[in-house]
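> Pasting the sequence and the predicted model now:
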Amino acid sequence: MPRVFKALEIEKEEKEIKRDYLDRHMPHVICQDKVRRGEKFAVKVKMGDDYPHPDDHDHYITLIQLWNRETLLAEARYTAGVYGNLPSNVEVEFYIVAPDVSMNLSAMAVCTKHGLWQSEDKAVQVM
Ligand SMILES: [Fe+2]
């Protein structure tokens, strides 16, 4: 089982020291807070905020997954060079239909060199 780097478990002190390293590997779930039952809506997952991640042949973001609690909803896979071998904030948009109950979305991302990273949870209220 690989170590999972989770946003909530990283100490504040560690965040300051390794700010760029942590930022470029952290997936973020971006979508509206409330959706109507049965409505199709977009969920963006974006890697990092301030720092881009490399897109080298041996070091790149290879997988982004979208989860609702323990259920895998969707995933996107990448090969090296998709971002022109230039550092970038990898992002993908998934379209899903709101179920009958509220969701707790999160994202997982895999860097070929630095392992598995988990976002903070994003609560989505279904009305
Ligand atoms: Fe990395």
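Now that the structure is in, tell me what you want to look at. Residues are numbered from 1 along each chain as shown.
> Could you use CA atoms for every contact and neighbour count after this?
OK.
> Keeping just the C-alphas, turn the least confident helix or strand in the chain by mean pLDDT into PDB.
When the helices and strands of the chain are scored by mean pLDDT, DSSP states H and E, helix 12-17 comes last with a mean of 72. These are the backbone C-alpha positions of helix 12-17, laid out as PDB (Å, rounded to 0.1, in the frame of the first residue of the first chain):
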ATOM      1  CA  LYS A  12       1.400  23.800   9.200                       C
ATOM      2  CA  GLU A  13       5.200  23.900   9.800                       C
ATOM      3  CA  GLU A  14       5.800  21.400   7.000                       C
ATOM      4  CA  LYS A  15       3.500  23.300   4.700                       C
ATOM      5  CA  GLU A  16       5.700  26.400   5.100                       C
ATOM      6  CA  ILE A  17       9.000  24.600   4.500                       C
END
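> what is the residue nearest the centre of the chain paired to in the beta sheet?
The residue at the geometric middle of the chain, judged as the C-alpha nearest the mean C-alpha position with C-alpha atoms, centre = their mean, is Pro27 (2.9 Å). Beta-bridge partners of Pro27, counted by DSSP bridges, are Met47.
> Verify the stated contact: it with Trp117.
Yes - in this structure, Pro27 sits in contact with Trp117. The criterion is C-alpha atoms under 8 Å, and the distance is 7.2 Å.
> which residues do the two both contact?
With contacts defined as C-alpha atoms under 8 Å, 6 or more residues apart in numbering, the residues adjacent to both Pro27 and Trp117 are Met108, Ala109.
> Spell out which parts of this structure neighbour the ion.
Cys111, His114 (C-alpha under 5 Å from the ion).
> hey, where'd the helices end up in the chain?
Counting by DSSP state H, the segments of the chain that form helices are 12-17, 19-25.
> which of those sits most buried?
Mean neighbours per residue, mean count of other C-alpha atoms under 10 Å, is largest over the helices of the chain for helix 19-25, with a mean of 19.
> what's next to that helix, contact-wise?
Residues from elsewhere that reach helix 19-25 (C-alpha under 8 Å, 6+ apart): Lys15, Met47, Gly48, Asp49, Asp50, Tyr51, Pro52, His53, Asn89, Ala109, Cys111, Trp117.
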